[in-house]
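Sequence first, predicted coordinates after that:
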Amino acid sequence: MKHMTRKATRHVNQNEGLIFEKSGAGKAAWKLPPLDVPDVDTGKLLGVTERKSLGNMPEVSEIEIIRHFTRLSTWNYAIDLGMYPLGSCTMKYNPRVNEVVSRLEGLANGHPYQPERISQGALRIMKTLSECLIEITGMDAITLQPAAGAHGELTGLLMVRAFQQANGNPRKKILIPDSAHGTNPATAAMVGYSVEKMTSNAQGMVDVAALTAQSNEDVAALMLTNPNTLGIFEQEIHKIADIMHDKGGLLYMDGANMNALVGKVRPGDFGVDVMHLNLHKTFSTPHGGGGPGSGPVAVKQVLEPFLPKPVVITKCDGTLGFEYDRPHSVGRVRSFYGNFGMFVRALAYIMANGPDGLRQTTEDAVLNANYIRKGIEGVYDLPYATRTMHEVVFSDKIQAKKGVKTMDIAKRLIDYGFHPYTTAFPLIVPGALMIEPTESEPKEELDLFIEAMKSIAEEVEEDPQLVLDAPHSTRVSREDQHFWPCVFRLTVTVVTGR
Ligand SMILES: Cc1ncc(COP(=O)(O)O)c(C=O)c1O
């Protein structure tokens with residue numbers, strides 16, 4: 001490698017072989033005591049189903065097998081190894097205390113079919129979390145049922161449709177800015193709405209004049225990601241809400257980026273009618289590996305009758321329970337009550353931080369993103385000069401002149417010991433580099449990241465091929481990309497038989 005970095009790059013165990021390659025006849029990781037019960041004739045017991053041999057199984061000692069799997073486990077990148085600047089994904093550190101609490105026996109082993117009277121603790125957690133989230137968002141009511149952000153969007157829009165229907169007309173359209181998260185239009189289409197795109201203005205925000213022109217009695221809601229995918233807060237949000245409400249439409253806020261707002265402003269105070277939260281982003285619950293997540297939906301009072309059922313209530317005798325008799329509800333959107341373990345983790349995070357701590361995490365998330373912005377501004381092109389919040393989006397415009405694209409820079413970043421940032425998203429920025437450090441990162445790690453990004457920019461000028469061929473330090477390098485479609489095809493064939 002031409003440029004050295006101060007961050008560890010090469011893993012000592014990158015060349016771990018297959019477990020079969022370590023196999024040696026007679027080696028074993030176990031030793032059983034002599035049989036102290038009568039022997040059983042397994043042939044007689046199992047008949048033709050008896051397995052005579054285990055086939056070609058690796059024979060290894062305990063230390064070999066432990067090392068093998070421990071080494072493999074370190075090949076994956078994790079927030080516990082270093083910064084994970086994946087914009088839009090908010091890969092923040094999940095404090096260990098959350099895990100300790102979620103593993104407490106009564107919580108981890110509670111069964112959803114337990115009678116309410118012996119589930120008061122679990123119900124209290126759901127109630128307290130709901131109250132905290134209502135306080136944080138400034139909304140009036142909430143459901144914790146949805147299993148993820150996009151599922152929250154679906155739930156929210158089902159409520160929008162039920163509300164509009166109850167007012168005599170479900171309406172036809174959902175307006176969505178081009179700076180919205182990609183799940184927004186997909187969700188609107190799933191709920192049966194047609195999606196009308198809104199082009200952002202030069203500042204990367206909703207064009208209020210265009211919104212006024214596009215808003216009419218056919219529009220059920222505007223779905224606004226705020227801060228949007230450029231990391232920009234919609235500064236005219238009050239006007240936007242008024243324009244929607246004037247024509248009987250609702251304002252849906254994709255609140256997955258609430259980590260930029262918690263403790264500073266409340267969507268309920270600036271005109272939002274319905275919004276979802278991503279607990280697995282904002283409130284630190286583990287993120288990745290396919291879940292589980294949690295996407296609570298908070299609403300204003302007008303939408304409360306449509307919340308999914310059941311909802312947690314305080315009964316006349318003061319105990320907690322579920323209410324199922326809700327004639328206007330959109331119904332159940334998830335089995336049982338949602339991903340309970342995520343509620344525990346989110347509540348642990350909220351309570352450990354407290355109001356001041358949560359405000360501080362928001363400020364740190366915004367500070368960290370802006371520190372990176374300042375650190376590499378000019379080295380990378382910044383397409384929108386507007387102030388950014390928890391994430392910042394650059395473009396590869398400068399490097400593209402040398403034939404190097406965002407994906408190449410991201411792959412080179414791996415050689416510097418970092419997980420890549422989000423590439424090629426949001427779509428309104430061609431060749432996007434979307435960077436979100438989160439509040440978890442110390443200044444030292446941010447400095448290493450800035451240094452790595454600057455160094456890659458220098459490499460692009462001096463030796464673009466070095467970047468185009470990256471990564472150089474990984475076990476699997478770029479050439480294997482061509483292999484992926486074949487693997488996928490093979491998997492489909494195996495699974496479907498076609
Ligand atoms: C702004 C925004 N909206 C919606 C989603 C979708 O959330 P999920 O992946 O949990 O479905 C995400 C995911 O990161 C997001 O960043």
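Received, thanks.

Check which helices and strands the helix or strand containing His280 sits against.
Assigned by DSSP states H and E, His280 belongs to helix 279-282. Under the contact definition 3 or more CB pairs under 8 Å, 6 or more residues apart in numbering; DSSP states H and E, helix 279-282 sits against helix 340-376. Quick note: C-beta positions are derived from backbone N, CA and C, even for glycine.

List the buried residues for the helix it packs on?
Within helix 340-376, the residues scored as buried using 16 or more other CB atoms under 10 Å are 340-350, 353, 358, 361-362, 364-366, 368-373, 375-376.

same thing with stretch 299-310?
For stretch 299-310, by 16+ other CB under 10 Å, it's Val299, Lys300, Leu303, Glu304, Pro305, Phe306, Leu307, Pro308, Lys309, Pro310.

what's the most distant pair in those residues?
Lys300 and Pro310 (20.6 Å; CB to CB).

pretty sure Cys132 is touching Phe343, no?
No: look at Cys132 against Phe343 with CB atoms under 8 Å: they stay out of range, at 10.4 Å.

downstream neighbour of the helix or strand Ile66 falls within in the secondary structure list?
Applying DSSP H and E as the criterion places Ile66 in helix 62-73. Per DSSP H and E, the first helix or strand lying C-terminal to helix 62-73 is helix 96-102.

export that following helix as PDB, just CAs?
What follows is helix 96-102, C-alpha atoms only, in PDB (Å, rounded to 0.1, in the frame of the first residue of the first chain):
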ATOM      1  CA  ARG A  96     -24.000  -3.000  27.200                       C
ATOM      2  CA  VAL A  97     -26.400  -2.000  29.900                       C
ATOM      3  CA  ASN A  98     -29.300  -2.400  27.400                       C
ATOM      4  CA  GLU A  99     -28.300  -6.000  26.800                       C
ATOM      5  CA  VAL A 100     -28.000  -6.800  30.500                       C
ATOM      6  CA  VAL A 101     -31.500  -5.400  31.200                       C
ATOM      7  CA  SER A 102     -33.000  -7.200  28.200                       C
END
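
tell me what it is packed against?
If contacts are counted by 3+ CB pairs under 8 Å, 6+ apart, helix 96-102 sits against helix 340-376.

Does the ligand have contacts with the helix it packs on?
No: counting by CB under 6 Å from any ligand atom, the ligand has no neighbours in helix 340-376; the shortest distance is 10.8 Å.

Tell me the spatial nearest neighbour of Leu261, not counting adjacent residues.
Nearest residue to Leu261 in three dimensions, chain neighbours excluded: Thr362, at 6.6 Å (CB to CB, 6 or more residues apart in numbering).

what residues does the chain put near the ligand?
Counting by CB under 6 Å from any ligand atom, the chain sits next to the ligand at 88-89, 148-150, 181, 183, 225, 254, 256-257, 278, 281, 293, 295.

May I ask which two of those residues are separated the most?
Thr225 and Gly293 (17.0 Å).

what's near enough to touch the most centrally placed residue in the chain?
Nearest to the mean C-alpha position of the chain, counting by CA atoms, centre = their mean, stands Cys89 at 4.5 Å. Contact analysis of Cys89 by CB atoms under 8 Å, 6 or more residues apart in numbering lists Lys281, His287, Thr422, Glu436.

For the residue nearest to the first one when sequence neighbours are not counted, grab the count of nearby residues.
Closest residue to Lys281 apart from its sequence neighbours, by CB to CB, 6+ apart: Thr90 at 3.7 Å. The local packing count at Thr90 equals 27, with neighbours defined by other CB atoms under 10 Å.
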